[in-house]
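Show me the folded form of this:
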Amino acid sequence: MQRPARTRLSTRRARVSRFERGDGFDADAGFTIIEVVVAVTLLLFAFLGAAGLFEEGTHVSGDTRQRVVAAQLASAAIEKIRGPAANPSLFTTSIVPGTTITTQTVNGLTFTVTQQEQWVNQTATTSSCQSGGAGGSNAILQVTESVTWPGAGATAPVQSTTVLSPPAGAYSTATGSIAAQVLNAAGLPNNDIAVAISGPTSQTQNTTAEGCAFFAYLTPGTYTVKVTAGTGVSDQEVLIPSQSTSVTVGQTSSLTFNYDTAATISITGWAGPSVATPATNIPVGVGDTGLQPYGQYTYAAGTTTLTPLFPYPAGYTVFAGNCTDNNPNGLDLSHSRFYNNPGTVTTNVTPGGTSTATVPLYDMPVTVTSAGVPAVGATLTATETTSFPTPYTAVCTSGEVSGSAPTIGLVTTTAGGTSTTAVPLGHWTINATFGAKHGSINVWRRITGVFNVTAAGASTGSALATVTVPVS
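Alright, predicted model coming up:
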């Protein structure tokens with residue numbers, strides 16, 4: 001009997017595909033795409049880190065090389081100054097105190113060398129202007145070289161400092177000194193400002209980083225010291241401010257200049273509270289308590305660009321007129337305000353900047369009568385009155401000095417003999433002309449209205465609805 005055929009089972013187990021297993025994993029399939037991406041990303045980060053380290057090392061190496069070159073340039077500049085130090089005649093002719101800036105190119109890179117020479121006291125740790133100055137025969141020369149280069153960023157400049165004593169015979173011991181300190185509007189040292197002295201000796205030098213121009217070993221006598229040039233202006237609105245001083249043996253004469261880049265105020269028109277037609281021939285002024293002696297500086301009628309102005313941090317009050325009682329913040333000769341609570345607007349200014357402002361005016365209502373009848377077509381003017389006794393004496397200015405009282409033109413009377421004109425504050429003499437007839441009256445245009453005045457200039461009574469001027 002024949003046996004049935006048996007099916008032989010393979011001893012080799014069939015492999016189950018990853019898809020049959022359902023877990024998406026094939027142990028023999030190698031790296032997946034995701035694993036390759038992760039590996040490449042990690043490798044990229046490693047390369048970036050290495051590149052950053054390489055770049056930083058290159059930067060540090062380059063910076064070190066540049067600092068070495070800068071140090072060599074500073075040392076060379078110092079040695080160039082030391083050269084004539086032992087020769088009395090060369091010392092007096094080659095030494096020029098102040099700031100000098102030069103450039104030098106090394107390996108295609110331009111280095112800037114800033115040299116500052118200043119006289120200091122032998123025991124001073126600051127500039128001569130700040131330390132009270134050096135005596136006429138006790139000054140030594142301090143030389144500082146500062147070197148920078150493009151791309152230095154926050155890297156501090158390379159600096160080298162030395163001091164040089166004048167050789168015997170270079171200067172007489174019977175000398176004195178002048179220390180001129182130049183400060184800007186913020187009260188900080190003003191660097192690289194040209195200062196000149198004239199007298200028995202004439203010299204010019206630029207201020208140092210401390211704002212100091214120190215003139216040592218000067219022949220005794222009277223000197224004029226001035227800031228010579230630039231785009232600046234003094235705190236008294238003077239382009240070339242000057243002061244006089246005397247030099248005595250063994251002493252230092254110390255002076256201070258407040259000087260900064262000029263500001264400008266552009267006048268864009270007249271402003272309220274009046275909306276009437278403005279008077280003609282009105283000067284314009286600016287006020288600040290720093291201006292001496294009257295607290296104001298004024299410009300001629302028609303000026304719309306007010307410059308040069310010292311950039312006072314407190315700004316300016318812009319006003320119409322050129323007398324102290326035209327100024328809402330003006331002071332009388334007793335140093336009291338003409339007006340309480342003036343409600344002025346401050347125009348802020350910045351060094352070298354231009355600000356805009358309008359100029360406030362106030363109503364002046366006038367009625368002209370002739371024999372009790374309204375005078376139609378009468379011409380009117382107003383002249384600032386400065387003849388009242390103290391404290392109502394107004395002082396008029398031109399620029400920063402005394403000037404003439406202005407006469408302004410008012411609107412001609414219309415029907416009813418009336419005229420309303422926009423005018424500055426102040427004591428005014430209203431003059432009316434009607435044919436061959438004339439008349440005048442004194443009034444005070446205050447912030448609160450128009451008032452009659454006493455013979456002393458004080459306001460009296462209530463504010464007037466209109467100023468009546470009879471002509472005869």
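
burial measure for E35, as a count.
A total of 10 residues lie near E35 under the criterion other Cβ atoms under 10 Å. In this view, the C-beta of every residue, glycine as well, is placed from N, C-alpha and C.

Looks to me like it is in a strand.
No. Applying DSSP: H, G, I helix; E, B strand; the rest coil, one finds E35 to be helix, outside a strand.

where's it relative to N431, distance?
For E35, the distance to N431 (Cβ to Cβ, to the nearest Å) stands at 103 Å.

do V120 as well
Distance from V120 to N431, by Cβ to Cβ: 65 Å.

More neighbours: these two, which one.
The neighbour comparison of V120 against N431 (other Cβ under 10 Å) goes to V120, with 24 against 18.

On the pLDDT front, check that one for me.
Here, the pLDDT recorded for V120 equals 77.

Repeat that for A276.
Looking at A276, its pLDDT is 96.

next one: the one 10 residues further on
On the pLDDT scale, V286 is placed at 97.

what's the answer for S131, then?
At S131, the pLDDT value in this model is 59.

residues near T305, how many?
10.

what sits up against stretch 162-170?
78, 81-82, 85-89, 91-92, 120, 139-143, 217 (Cβ atoms under 8 Å, 6 or more residues apart in numbering).

I'd like to know which of those residues are part of helices.
With helices defined by DSSP state H, the entries of the contacts of stretch 162-170 inside them are 78, 81-82, 88-89, 91-92.

Output stretch 285-302 as PDB, restricted to C-alpha atoms.
In PDB, the C-alpha atoms belonging to stretch 285-302 read as follows (Å, rounded to 0.1, in the frame of the first residue of the first chain):
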ATOM      1  CA  GLY A 285      12.600 139.300  20.400                       C
ATOM      2  CA  VAL A 286      13.600 136.200  22.300                       C
ATOM      3  CA  GLY A 287      13.800 135.900  26.100                       C
ATOM      4  CA  ASP A 288      15.800 133.700  28.400                       C
ATOM      5  CA  THR A 289      17.100 134.400  31.900                       C
ATOM      6  CA  GLY A 290      20.600 133.600  30.900                       C
ATOM      7  CA  LEU A 291      20.800 136.600  28.600                       C
ATOM      8  CA  GLN A 292      22.400 139.600  30.300                       C
ATOM      9  CA  PRO A 293      21.700 142.300  31.400                       C
ATOM     10  CA  TYR A 294      18.100 142.400  30.200                       C
ATOM     11  CA  GLY A 295      17.100 138.800  29.700                       C
ATOM     12  CA  GLN A 296      16.400 139.200  26.000                       C
ATOM     13  CA  TYR A 297      17.900 139.500  22.600                       C
ATOM     14  CA  THR A 298      16.000 141.400  19.800                       C
ATOM     15  CA  TYR A 299      15.900 141.600  16.000                       C
ATOM     16  CA  ALA A 300      14.700 144.300  13.600                       C
ATOM     17  CA  ALA A 301      11.200 144.400  12.200                       C
ATOM     18  CA  GLY A 302      10.700 142.000   9.300                       C
END
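
Which residues outside it are in contact with it?
235-237, 265, 280-284, 306, 309-310, 312, 314-322, 324, 326-331, 347, 395, 397-400, 403, 406.

Report the beta-bridge partner residues of T162.
Beta bridges link T162 to V143, judged by DSSP bridges.

Let me have the ones in helices among the contacts of stretch 162-170 in TSV, extended by distance to T175.
TSV is the format used below for the ones in helices among the contacts of stretch 162-170 (distance: Cβ to Cβ, whole Å):
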residue	distance to T175
I78	26
I81	22
R82	23
P88	14
S89	17
F91	14
T92	12
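
Among those, which one has the most neighbours?
Highest neighbour count within those: F91, with 19 neighbours (other Cβ under 10 Å).

Surely that residue is in contact with A85?
Yes. The criterion here is Cβ atoms under 8 Å, and F91 meets it with A85 at 6.0 Å.

how about V40, what does it touch?
So V40 contacts nothing (Cβ under 8 Å, 6+ apart).

correct me, but S355 touches T264?
Yes. With contacts counted by Cβ under 8 Å, S355 reaches T264, the gap being 7.3 Å.

any shared contact partners between the two?
V349.

residues touching T224, list them.
T224 touches 197-199, 242-244, counting by Cβ under 8 Å, 6+ apart.

ok, the nearest residue to it once chain neighbours are set aside to T222 distance?
The shortest distance from T224 to any non-neighbouring residue, by Cβ to Cβ, 6 or more residues apart in numbering, is to S198 (5.0 Å). Taking Cβ to Cβ as the measure, S198 falls 10 Å from T222.

of these two, who's got more company?
S198 (14 against 11).

now T245: how far from L188?
Distance, T245 to L188, by Cβ to Cβ: 23 Å.

Which one of these two is surrounded by more residues?
More crowded of T245 and L188, by other Cβ under 10 Å: T245, with 17 against 10.

Going by secondary structure, that one is in what exactly?
According to DSSP states H and E, T245 maps onto strand 242-247.

what mean pLDDT would you report for stretch 95-103?
Across stretch 95-103, pLDDT averages out at 81.

Quick check: the gap between Q181 and G352.
Applying Cβ to Cβ to Q181 and G352 gives a distance of 22 Å.

The stretch 51-200 of the chain: helices as residue ranges?
Secondary structure of the stretch 51-200 of the chain (DSSP state H, counting those that start in this stretch): helices at 88-94.

Could you list the low-confidence segments of it?
51-62, 122-128, 130-138 (pLDDT under 70).

quick one: the strands in it?
Counting by DSSP state E, counting those that start in this stretch, the stretch 51-200 of the chain has these strands, from start to end: 98-106, 109-121, 139-148, 158-164, 176-183, 194-198.

Run the chain-centre distance for the first one.
To tie it back to what came earlier, the one meant is strand 98-106. Offset of strand 98-106 from its chain centre (Cα atoms, centre = their mean, to the nearest Å): 27 Å.

strand partners of that strand, parallel vs antiparallel please.
strand 109-121 (antiparallel).

Now do the strand it pairs with and strand 176-183, the angle between them.
Following axes from the mean of the first three to the mean of the last three Cα atoms, to 10 degrees, one obtains 130 degrees for the angle between strand 109-121 and strand 176-183.

could I have strand 109-121 exported to CSV, CA atoms only?
What follows is the C-alpha trace of strand 109-121 in CSV, where atoms were taken according to Å, rounded to 0.1, in the frame of the first residue of the first chain:
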residue,chain,number,x,y,z
LEU,A,109,44.2,100.1,6.9
THR,A,110,43.9,103.8,7.8
PHE,A,111,44.6,104.7,11.5
THR,A,112,43.5,108.0,13.0
VAL,A,113,46.0,109.5,15.5
THR,A,114,44.6,112.2,17.8
GLN,A,115,47.3,114.1,19.7
GLN,A,116,46.4,116.4,22.6
GLU,A,117,49.0,118.6,24.2
GLN,A,118,48.2,120.6,27.2
TRP,A,119,50.0,122.4,30.0
VAL,A,120,49.3,121.0,33.5
ASN,A,121,50.5,121.6,37.0
